[in-house]
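In: For reference, the sequence and a predicted model appear below.
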Number of protein chains: 2
Amino acid sequence: MFSKACEYAIRATIYIAVQSNQDNRVGLKDISKEIDSPEAYTAKILQQLSRNNIIDSVKGPHGGFEIDKKEMTKIKLSQIVMAIDGDAIYKGCGLGFKECSEKQPCPVHDKFKVVRNELKRMLETTTVLELSLGLTKGLTFLHR
Amino acid sequence: MFSKACEYAIRATIYIAVQSNQDNRVGLKDISKEIDSPEAYTAKILQQLSRNNIIDSVKGPHGGFEIDKKEMTKIKLSQIVMAIDGDAIYKGCGLGFKECSEKQPCPVHDKFKVVRNELKRMLETTTVLELSLGLTKGLTFLHR
DNA sequence: ATAATAAAGGATAATTTGGTCTTTTAATAG
DNA sequence: CTATTAAAAGACCAAATTATCCTTTATTAT
């Protein structure tokens, strides 16, 4: 569904959100350990999230990553997916045709549309805050 | 969503179905031209489909690929996806966790379930015959 | 100011996926 | 039975994705 990078991005963002809710800034080492991802690779992904203003980063001693509490309620899963994987999952044809459209639909166009719209709706309505609360309440998990 | 190989597999199967409905056996060259895919790579994919009994292949002069008309009504998109991409799209966790389950769900587990179920339903109810008819009627297209 | 800390950035390596080429095997028409 | 045709099979190559390592930059506590 998503790239590995995007999976890590979502995991990391949720973890940072959980910590930011408790006013903890978290470092790369901590993050990659908690979300079970390769450290250096995760660093690259966090950079991208930071450049896309999804998370904030602070250099130096006691630096790390955080998410503004007010912003957190507004960040949707779709923003993370867009920042890492781009819009392929949104506009791409199910059979990989560039020219596929309503006017010239591929054989699975209408069938896929239903699924894609459901996915789109889900990504655009799910907030990072919401997901982080499930974790904090112990209803969901983030590691092996 | 699907791998490139799987996209080519679906395209090819639909095209072979269209031709088989008109009692035409089709060769690799013809297929890859019609579905706009690399010839040698398509050959590999057709082999996989043949081994999985989704299509039939005949060697020698006037050989090629075909689909039994009676079988065609039974072949679902899910069988093609399963043969090429495996069951990852069915059972895999949205965030890539191996241990994700109903009992130990990842933060997006329930959200993804809705989308995945929709996808599953679509793949398991859509037949190759159905898709090929849309093409034959000129309602859909398979190439640039 | 300076040493220590932690993220940013750049170069590079490994793996997976996508794709090609050549040889072998099977089928059939003459 | 032999030449021809077309798929099967195997080795190989290329590109993209995933992942690592090393150097630089920014921050802060002493």
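Out: Good, I have the coordinates. Numbers count the residues shown, from 1 in each chain, chains lettered A, B, ... in the order given.
In: Heading C-terminal from the helix or strand bottoming out on mean pLDDT in chain A, find the next helix or strand.
Out: Lowest by mean pLDDT, DSSP states H and E among the helices and strands of chain A is helix A:88-91, with a mean of 86. Following helix A:88-91 in sequence order, the next helix or strand is helix A:109-125 (DSSP states H and E).
In: which residues are contacting that following helix?
Out: A:76-78, A:81, A:89-90, A:93-94, A:100, A:102, B:1, B:77, B:111-112, B:114-115, B:118-119, B:122, B:126, B:140 (Cβ atoms under 8 Å, 6 or more residues apart in numbering or on different chains). Every C-beta, even on glycine, is put in place using the N, C-alpha and C of the backbone.
In: Give me the buried subset of those residues.
Out: A:76-78, A:81, A:89, A:93-94, A:100, B:1, B:77, B:111-112, B:115, B:118-119, B:122, B:126, B:140 (16 or more other Cβ atoms under 10 Å in any protein chain shown).
In: For burial, what's the neighbour tally of residue A:92?
Out: Residue A:92: 16 surrounding residues under other Cβ atoms under 10 Å in any protein chain shown.
In: Quick check: closest non-adjacent residue to it.
Out: Spatial nearest neighbour of residue A:92, chain neighbours left out: residue B:1 (7.5 Å); criterion: Cβ to Cβ, 6 or more residues apart in numbering or on different chains.
In: sorry, back to before: show the overlap between the contacts of helix A:109-125 and what lies near DNA strand D.
Out: Near DNA strand D, taking Cβ under 7 Å from any atom of the strand as the test, no member of the contacts of helix A:109-125 is found.
In: Residue ranges in chain A under the pLDDT threshold?
Out: Residues of chain A meeting the criterion pLDDT under 70: A:144.
In: Show me the helices in it, by range?
Out: Secondary structure of chain A (DSSP state H): helices at A:4-21, A:28-34, A:39-51, A:69-72, A:77-85, A:88-91, A:109-125, A:128-136.
In: helices and strands around the last one, which ones?
Out: When contacts are defined as 3 or more Cβ pairs under 8 Å, 6 or more residues apart in numbering or on different chains; DSSP states H and E, helix A:128-136 packs onto helix A:4-21, helix A:69-72, helix A:77-85.
In: which of those sits most buried?
Out: helix A:4-21 (a mean of 23; mean count of other Cβ atoms under 10 Å in any protein chain shown).
In: so residue A:100 touches residue A:108, yeah?
Out: No: using Cβ atoms under 8 Å, residue A:100 is not in contact with residue A:108, being 9.2 Å away.
In: what residues do the two have in common as contacts?
Out: residue A:94.
In: which parts of chain A sit against DNA strand D?
Out: A:3-5, A:8, A:37-41, A:43-44, A:58-63.
In: Please list which of those are also close to DNA strand C.
Out: A:40, A:43-44, A:58-63.
In: could the residues you listed go into TSV alongside distance to residue B:30?
Out: Converted to TSV, these look like this (distance: Cβ to Cβ, whole Å):
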residue	distance to residue B:30
A:40	48
A:43	49
A:44	44
A:58	61
A:59	60
A:60	64
A:61	67
A:62	66
A:63	61
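In: Of the residues you listed, which is the nearest to residue B:26?
Out: Residue B:26 lies nearest to residue A:44 out of those, by Cβ to Cβ, at 45.6 Å.
In: which residues sit in contact with the closest one?
Out: So residue A:44 contacts residue A:5 (Cβ under 8 Å, 6+ apart).
In: what's the answer for residue A:77, then?
Out: Per Cβ under 8 Å, 6+ apart, neighbours of residue A:77: A:10, A:122-124, A:126-128, A:131, B:108, B:111.
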